[in-house]
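Asks: Sequence plus predicted model, see below.
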Protein chains: 2
Amino acid sequence: MADTETLTGPAPTAAPDFAGYSCPLPLRDHPRVVMGHGGGGALSAELVAHLFAPAFGNPLLNSLADSTVVELGGARLAFSTDSYVVRPLFFPGGSIGDLAVNGTVNDLAMSGARPAYLSCGFILEEGVETAVVARVADAIGAAARTAGVQIATGDTKVVEAGHGDGIYLNTAGIGLVPAGVDIRPQRAAPGDVVIVSGEIGLHGVAIMSVREGLEFGVEIESDCAALGGLVDTMLAVTPDLHVLRDPTRGGLGAALNEIASAAGVGVEIRERAVPVPAAVANACAVLGLDPMYVANEGKLVAFVPREHADAVLTAMRSHPLGARAAVIGECVPDHPGMVVARTALGGTRVVDLPMGEQLPRIC
Amino acid sequence: MADTETLTGPAPTAAPDFAGYSCPLPLRDHPRVVMGHGGGGALSAELVAHLFAPAFGNPLLNSLADSTVVELGGARLAFSTDSYVVRPLFFPGGSIGDLAVNGTVNDLAMSGARPAYLSCGFILEEGVETAVVARVADAIGAAARTAGVQIATGDTKVVEAGHGDGIYLNTAGIGLVPAGVDIRPQRAAPGDVVIVSGEIGLHGVAIMSVREGLEFGVEIESDCAALGGLVDTMLAVTPDLHVLRDPTRGGLGAALNEIASAAGVGVEIRERAVPVPAAVANACAVLGLDPMYVANEGKLVAFVPREHADAVLTAMRSHPLGARAAVIGECVPDHPGMVVARTALGGTRVVDLPMGEQLPRIC
């Protein structure tokens, strides 16, 4: 535990020395961290699989779920954390404060848990206006009240100007998993119907439009929202949902790949069935992006046993956050670990796991 | 919740506009965040009392404890979070990884909880060496195994070079509070004996010595350690401990002030009884610091009912992390909210709550 060597700054080495660390290939190919390591795609997965999981020596981390279910005092709890470094701090449809609450609430809900308590850690950059901190804090408070959770504990650190970017946030959350609920990526099974809760791509395009000063004719707002209520509605139909996931960084494409890989199943989607708003499609066409990989902050994708799919879809559509829910495909025994899209023209294409995020610091 | 205004960078305003935000005086005196807001002293307390607590609208945050005790699924859980921005990342006696595990484990233990699960969020600066991340991850894994906790969930974000400082960490933790245990600052009562678990000031002086390149003759190592086992030993004597606190940022002086203020009691300490290692005393004399305000990362201060004090002290001394435990004073009905030290010369002095940390980014 004690490490008496000191390291006061980046001391470049020709060949990074991994001797003694639990870090096998292929991370050697990346002697330094690149933006893509935070993008929620293949580079992020590599960091977890080859560096964090071996170092922490912990099978819990390998679950690859949005939140981890643990048992404590006889209760089954979902536990999750995310840091938020979105730029800019305020954007159409929300702010870093809304993201920090809804992102962690949604990660808990993706295990079927009822989100209950959040922690909140601020890393403030010296010189940021107190009024900006107050606006973010008020957004956190309002989002927590809307989501029905309490901010139970917090922390504030300040770093010197030039070592942050106004405000970074971290939230962690805990929630109670109801009896009989077992929702995780590994449970995806051939025959499952794949349902998305609404239109994709809004959050990423909203961030990009304000960051790059782009105009797409209509203002596109982030879909940032808390999904606990929608999940409750779905669980009221059946506790036997197999997988839930909110397709944030890396978008729907990354989420489907992670599920296919975790469960060792194939996923087949019909490209035309995926609801993409015209404004998002237009923006993506201009920018050369694929909506399948653009981040969402108020959507979920569900793998539902076929016998419950119609009833679950109907229930979702009765909820404001699921009004545009749609069946987009199914889980298949073929091509395990791979996601395939049937295109509008009748062909097929592989939907790969992206390397990193198309757009850094989206959340 | 939706906030459609955009803010792409720091746009200085002559008079910060708090209209509509739950932020009363005296924060108006600080239009911008200063380093001291992260120092764990009066400025930090002001930020919580006047900005975060009203915004979050939550009585839980007012408990002022190191961790908050909540009930979930019939279990009483302690829940806590801290972000870590220490500079440098590696120092004599530990690293940011050790701090991130032990700091949060200790916050849980200060509610009498058995620490069980931690989350871990990395904010990496683009360009940091992967080998450095691996060293920190290995330190986290080792510290977690020593403390008997599991890293259950994690997250990684990357920010551009020049918007971070290598690695920032956040951990949150949950632990189970045994039946019959109710440890919080408000329970300090006149007659309580004040015990500190060992020598103070080591962490802060260790950080300063490497950061500023100072030599004090002997190398001073951080006391960074997990205190869960020591607390177990104390609870085995009696579940009726009144207050436990780990005096980190702001040191013993800030911790005693927070307890006095939360419980509305006075605290009287005998300056000569406070164990200060000669090396720390010498370093503080050179640097013009008061050891009472220097951070510790492996010490606790306990308020124990008089009838249990001897047995608790004996038990503490039987544990490696409490071998140098000492009675330093008592809780009194006089001067509520105030900490008074009897000096070696027989006089008295007020031990104030510091404004900020004497040394920024200590943890």
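Replies: Arrived safely.
Asks: Show me where the stretch 201-350 of chain A has its helices.
Replies: A:202-211, A:228-237, A:251-263, A:278-287, A:306-317 (DSSP state H, counting those that start in this stretch).
Asks: show me where pLDDT drops low in the stretch 151-300 of chain A?
Replies: A:216 (pLDDT under 70).
Asks: and if we set it to 90?
Replies: For the stretch 151-300 of chain A, the stretches flagged by pLDDT under 90 are A:208-219, A:286-288.
Asks: Those residues of it touching chain B, which are they?
Replies: A:151-160, A:162-166, A:168, A:170, A:172, A:174-176, A:210-211, A:219, A:221 (CB under 8 Å from any CB of the partner chain). In this view, the C-beta of every residue, glycine as well, is placed from N, C-alpha and C.
Asks: List only buried entries from those residues.
Replies: For these, burial is judged from neighbour counts taken by 16 or more other CB atoms under 10 Å in any protein chain shown, and it is met by A:151-159, A:163-166, A:168, A:170, A:172, A:174-176, A:210-211, A:221.
Asks: Count the residues that sit near A:Glu307.
Replies: 11 (other CB atoms under 10 Å in any protein chain shown).
Asks: Next, work out how far apart it and A:Val237 are.
Replies: Distance of A:Glu307 to A:Val237, computed by CB to CB, to the nearest Å: 11 Å.
Asks: ok, now how distant is the residue lying closest to A:Ala302 once chain neighbours are set aside from A:Val332?
Replies: Computed as CB to CB, 6 or more residues apart in numbering or on different chains, the closest residue to A:Ala302 that is not its neighbour in sequence is A:Ile195, at 4.7 Å. Computed with CB to CB, the distance linking A:Ile195 and A:Val332 is 16 Å.
Asks: what angle separates the lengthiest helix in chain A from helix A:228-237?
Replies: Scanning chain A for the helix with the most residues, using DSSP state H, yields helix A:130-147. Here helix A:130-147 runs at an angle of 20 degrees relative to helix A:228-237 (axes from the mean of the first three to the mean of the last three CA atoms, to 10 degrees).
Asks: Residue of the stretch 251-363 of chain A closest to chain B, please.
Replies: Of all residues in the stretch 251-363 of chain A, A:Arg361 sits closest to chain B, at 6.7 Å by CB to the nearest CB.
Asks: Skipping its backbone neighbours, what lies nearest A:Leu47 in space?
Replies: Using CB to CB, 6+ apart, the closest residue to A:Leu47 is A:His37 (5.4 Å).
Asks: Just confirm the one you found contacts A:Ser44, I think it does.
Replies: Yes. At 6.1 Å, A:His37 counts as touching A:Ser44 under the criterion of CB atoms under 8 Å.
Asks: where does the closest residue in space to A:Gly162 that isn't next to it in sequence land in three-state SS?
Replies: Counting by CB to CB, 6+ apart, A:Gly162 lies nearest to B:Gly162, which is 6.8 Å off, once chain neighbours are set aside. With DSSP: H, G, I helix; E, B strand; the rest coil as the basis, B:Gly162 sits in coil.
Asks: From B:Gly127, how far out is B:Gly162?
Replies: Using CB to CB, we find B:Gly162 at a distance of 9 Å from B:Gly127.
Asks: how many neighbours does A:Arg349 have?
Replies: 11.
Asks: confidence score at it?
Replies: pLDDT recorded at A:Arg349 is 95.
Asks: Apart from its chain neighbours, what residue comes closest to it?
Replies: Leaving aside its chain neighbours, A:Arg349 sits nearest to A:Ala341 (5.4 Å; criterion: CB to CB, 6+ apart).
Asks: Enumerate every residue touching that neighbour.
Replies: By CB atoms under 8 Å, 6 or more residues apart in numbering or on different chains, the contact list for A:Ala341 reads A:268-271, A:292, A:348-351.
Asks: quick one: the helices in the stretch 51-200 of chain A?
Replies: Ranges of helices within the stretch 51-200 of chain A are A:53-56, A:96-109, A:130-147, based on DSSP H, counting those that start in this stretch.
Asks: Lowest mean pLDDT across these, which one is that?
Replies: Across the helices of the stretch 51-200 of chain A, helix A:53-56 gives the lowest mean pLDDT, at a mean of 90.
Asks: roughly how far out does it sit from the chain middle?
Replies: With CA atoms, centre = their mean, to the nearest Å as the basis, helix A:53-56 stands 21 Å off its chain's centre.
Asks: Mind giving me the packing neighbours of that helix?
Replies: helix B:130-147, strand B:150-159 (3 or more CB pairs under 8 Å, 6 or more residues apart in numbering or on different chains; DSSP states H and E).
Asks: Minimum distance to B:Ala55: which of these has it?
Replies: The closest of the helices and strands packed on helix A:53-56 to B:Ala55 is strand B:150-159. By CB to CB, the value is 23.5 Å.
Asks: Only alpha carbons, please: show the closest one as CSV.
Replies: Presented in CSV, the C-alpha positions along strand B:150-159 are these (Å, rounded to 0.1, in the frame of the first residue of the first chain):
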residue,chain,number,x,y,z
GLN,B,150,-14.9,-4.2,-2.9
ILE,B,151,-14.8,-1.7,-5.8
ALA,B,152,-18.3,-2.5,-7.1
THR,B,153,-18.8,0.1,-9.9
GLY,B,154,-16.7,2.6,-11.7
ASP,B,155,-16.5,5.2,-14.5
THR,B,156,-13.8,6.9,-16.5
LYS,B,157,-14.0,10.3,-18.2
VAL,B,158,-11.2,12.0,-20.1
VAL,B,159,-10.7,15.8,-20.4
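Asks: and the angle from that strand to helix B:96-109?
Replies: Using the same axes, to 10 degrees: strand B:150-159 against helix B:96-109 is 130 degrees.
Asks: helices or strands up against strand B:150-159?
Replies: By 3+ CB pairs under 8 Å, 6+ apart, strand B:150-159 packs against helix A:53-56, strand A:68-72, strand A:75-84, strand A:167-176, strand B:114-125, helix B:130-147.
Asks: Run a quick neighbour tally on A:Ala179.
Replies: Neighbours of A:Ala179 (other CB under 10 Å): 8.
Asks: Might you report the residue contacts of it?
Replies: A:Arg76.
Asks: Relative to A:Ala161, how far out is it?
Replies: Counting by CB to CB - A:Ala179 and A:Ala161 are separated by 51 Å.
Asks: who touches the residue positioned nearest the centre of chain A in this structure?
Replies: The centroid of chain A falls nearest to A:Thr248 when counting by CA atoms, centre = their mean (3.5 Å). Applying CB under 8 Å, 6+ apart, we find A:Thr248 in contact with A:40, A:103, A:203, A:295-297, A:362-363.
Asks: circling back: now do the buried residues in the longest helix of chain A.
Replies: Per 16+ other CB under 10 Å, helix A:130-147 contains these buried residues: A:130-144, A:146-147.
Asks: My read is that A:Glu129 contacts B:Arg32, right?
Replies: Yes. Counting by CB under 8 Å, A:Glu129 does reach B:Arg32; the two are 5.6 Å apart.
Asks: what's the burial count for A:Val128?
Replies: Neighbourhood size, A:Val128 [other CB under 10 Å]: 22.
Asks: Can you give me the pLDDT of it?
Replies: 96.
Asks: same thing with A:Thr343?
Replies: pLDDT for A:Thr343: 92.
Asks: Tell me who's in contact with it.
Replies: A:Thr343 neighbours (CB under 8 Å, 6+ apart): A:271, A:349.
Asks: Leaving out chain neighbours, which residue sits closest to A:Gly103?
Replies: Using CB to CB, 6+ apart, the nearest residue to A:Gly103 is A:Asp82, at 5.0 Å.
Asks: Show me chain A divided up by domain.
Replies: For chain A, the structural domains run A:65-176, A:185-350, going by automatic domain parsing.
Asks: measure the last one end to end?
Replies: Counting by CA to CA, to the nearest Å, you get 20 Å between the two ends of domain A:185-350.
Asks: for the closest residue in space to A:Leu287 that isn't next to it in sequence, what are its contacts?
Replies: Closest residue to A:Leu287 apart from its sequence neighbours, by CB to CB, 6+ apart: A:Met208 at 7.0 Å. By CB under 8 Å, 6+ apart, the residues touching A:Met208 are A:214, A:283, A:287, A:359.
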